[in-house]
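A.B. asks: Got a predicted model here, sequence first, then my questions.
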Amino acid sequence: MRTQVAIVGAGPAGLLLGQLLEQHGIDTVILERRSQDYVLSRIRAGVLEQGSVDLLDKAGVGTRMHGEGLVHDGVEFCFDGDKYRFNFRELIGRTVMVYGQTEVTRDLMHAREASGAKTIYEAEDVSLHAFDGDHPKVRYVKDGVEHDISCDFIAGCDGYHGISRASVPEEALRTFERVYPFGWLGVLVDRPPVADELIYAHHARGFALCSMRSPTRSRYYVQVPANEAIDSWSDDRFWDELRRRVDPETADNLVTGPSIEKSIAPLRSFVAEPLRFGRLFLAGDAAHIVPPTGAKGLNLALNDVGCLAESFTEFYRDKSSAGIDHYSERVLKRVWKAERFSWWMTSILHTFPDTDTFGRRIQRAEFDYLVGSKAAQCALAENYTGLPV
Ligand code: FAD
Ligand code: DHB
C-alpha cells in the first residue's frame with residue numbers, strides 16, 4: 001500500500017491531522033492499535049480552548065460541538081472553602097467550550113468515514129522504518145497478515161506509550177520529566193453538574209475538581225496518592241471525600257448517583273525534543289504530557305496537528321519545506337508555556353506530601369494575589385483560554 005502521510009494513532013491528534021490533510025487532498029492512512037469502540041470508551045479531557053474550537057470548525061467537524069457544547073465564560077477557584085470566580089470574558093474577552101474528548105473523537109471518526117479515508121483499527125505490531133531517508137515505511141500486522149505502507153512522511157500521534165517516540169534513536173532525543181506523587185481519581189455520573197462552571201478546589205486533604213460533560217452529566221475528580229488502588233474507592237467514599245474538599249454550599253448542592261465510569265490518571269509533566277526526525281514527526285501526547293490541571297493536554301495535541309497539517313500542506317501545495325523545517329521549534333515554544341502553566345496550576349492547587357506550613361502559606365498567597373490583582377487574573381485567563389498559536 002502507498003500513501004502520502006501515514007498516521008500512527010487514532011486519538012484526537014491523529015484523527016484531526018487526517019481530516020485537515022484529507023481536506024487539502026493529501027492522502028492519509030491511519031493505523032490504530034485498538035478497536036474503534038475501545039478508543040471511544042476512554043473518558044479523558046473535557047475543556048476546549050477557543051483556538052481548538054476554531055480548528056475543529058476549520059476541519060468541518062464543529063456542528064455538533066456548537067449545538068451540544070457548553071460555552072463557559074470563567075471558572076471558580078475554591079481555597080479552603082473560600083470561593084472566587086474568574087470571568088475570562090470580562091477580563092480578556094475569551095471563553096472556553098466544555099465538550100468531551102470522546103465527542104471530539106466521535107465527530108472526527110464520522111468525518112473520516114464520510115471522506116472514505118482509510119483507518120486500520122486493531123493494527124498490531126506497528127513498526128516504523130527508514131524515516132531517516134526519503135522513503136519511509138510503516139509495517140503492521142492485521143488478522144495475522146503482515147502489511148507494508150510506503151509513504152512520504154510518518155506522523156507519530158500514538159500517545160505517551162506509543163511506538164513512534166520509542167522508534168527514535170535514544171541519542172537523538174532529549175527528554176524532560178517531572179512525576180507528581182499523586183493522581184486524579186475521576187468519576188463520571190449521570191446527574192446535573194453542581195454548578196454552572198468548573199470549580200477547582202484546594203484543600204488540606206487534597207485537590208478536587210467539579211466539571212461536567214453536559215447539563216445532565218457531571219465529571220468529578222479528587223486527588224489521591226500515586227499507586228492508589230481504585231477498588232478501595234466505593235462511590236460513597238468518593239462523594240464523602242469530594243464534599244469535604246469543597247465549600248459548604250457546593251457540598252450541599254452536590255447531586256450524587258451511581259458512577260458510570262471511575263478511573264485513576266497519574267500526573268506527569270514530560271517533553272521530548274525535538275519533534276522531527278527526518279521524515280518522522282511527533283505530535284500530541286507522543287511528544288509531551290502535562291498534568292491535567294488547566295486542561296491543556298488535548299488542546300496542545302490539537303494545536304500540534306494544526307501546525308503539522310499546515311506544514312505538510314505547504315510542502316505539497318507550495319513545494320516548500322519551510323513549514324516542516326520549523327514545525328518542531330514553532331510547536332515547542334507553545335508547548336513549554338503550557339507545561340509552565342499546568343505545572344503552576346498543579347503546584348498551587350494540590351497538597352504535596354512534603355508541603356510544610358510555609359509552603360501552604362505560599363499556596364494561599366498565590367490565591368490571595370489572584371483575587372486581588374487584575375493583572376494576575378488576566379495572566380490566568382490568557383493561559384487557561386489558550387495562548388496564541
Ligand atoms: P491519545 O489520545 O493517547 O491517542 C493515541 C492513540 O494512539 C490511541 O488511540 C492509542 O490506542 C494509539 N496507539 C498507541 N500506541 C499505538 C501503536 N503502537 N500503534 C498504533 N496505535 C497506537 N487531558 C486533559 O486536558 N484533561 C483530562 O482530564 C485528561 N484526562 C486524561 C486521562 C488519561 C487516563 C489520559 C491517558 C490522558 C488524559 N488527558 C487529559 C490528556 C488528554 O486526554 C491527551 O492529551 C489527549 O488524549 C492527547 O491526544 P493524542 O491523540 O495525542 O493521544
Ligand atoms: C476536566 C479535566 C481537566 O483536566 C480540567 O482541568 C478540567 C476539566 C474534565 O475532565 O472535565
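C.D. replies: Cool, got the structure. Residues are numbered from 1 along each chain as shown. Ligands and ions are numbered 1, 2, ... in the order given.

A.B. asks: distance between the ends of stretch 247-260?
C.D. replies: 25 Å (Cα to Cα, to the nearest Å).

A.B. asks: whoops, stretch 280-296 was the one
C.D. replies: 24 Å.

A.B. asks: Is any residue of it near ligand 2?
C.D. replies: Yes: Stretch 280-296 is in contact with ligand 2 by Cβ under 6 Å from any ligand atom, via Pro292, Thr293, Gly294, Ala295. Quick note: C-beta positions are derived from backbone N, CA and C, even for glycine.

A.B. asks: Mind checking the pLDDT average for that stretch?
C.D. replies: Taken as a whole, stretch 280-296 carries a mean pLDDT of 98.

A.B. asks: chain center to it: distance?
C.D. replies: 6 Å (Cα atoms, centre = their mean, to the nearest Å).

A.B. asks: who in the protein is up against ligand 2?
C.D. replies: Ala45, Gly46, Val47, Leu198, Leu209, Ser211, Arg219, Pro292, Thr293, Gly294, Ala295.

A.B. asks: can you pull the contacts of the first one?
C.D. replies: When contacts are counted by Cβ atoms under 8 Å, 6 or more residues apart in numbering, Ala45 touches Gly100, Gln101, Pro292, Ala295, Gly297, Leu298, Asn299.

A.B. asks: picking up where we left off before, pull the most distant pair out of the residues of the chain next to ligand 2.
C.D. replies: Arg219 and Gly294 (15.4 Å; Cβ to Cβ).

A.B. asks: and Thr385, what does it touch?
C.D. replies: Taking Cβ under 8 Å, 6+ apart as the test, what Thr385 contacts is Glu49, Gln50, Phe88, Ile92, Arg94, Thr95, Val96.

A.B. asks: So which of those residues sit within strands?
C.D. replies: Mapping those onto strands (DSSP state E) picks out Val96.

A.B. asks: Out of the contacts of Thr385, give me the one that has the most neighbours.
C.D. replies: Counting neighbours by other Cβ atoms under 10 Å, the top entry in the contacts of Thr385 is Val96, with 28 neighbours.

A.B. asks: Please tell me I have it right and that one contacts Glu49.
C.D. replies: Yes: in this structure Val96 lies within contact range of Glu49 using Cβ atoms under 8 Å: 6.1 Å.

A.B. asks: about what we covered before: next, check the contacts of Ala45 against the helices and list the overlap.
C.D. replies: Among the contacts of Ala45, the ones falling in helices (DSSP state H) are Gln101, Gly297, Leu298, Asn299.

A.B. asks: possible to save the residues of stretch 280-296 next to ligand 2 as TSV with neighbour count?
C.D. replies: Below are those laid out as TSV (neighbours: other Cβ atoms under 10 Å):
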residue	neighbour count
Pro292	24
Thr293	24
Gly294	21
Ala295	24
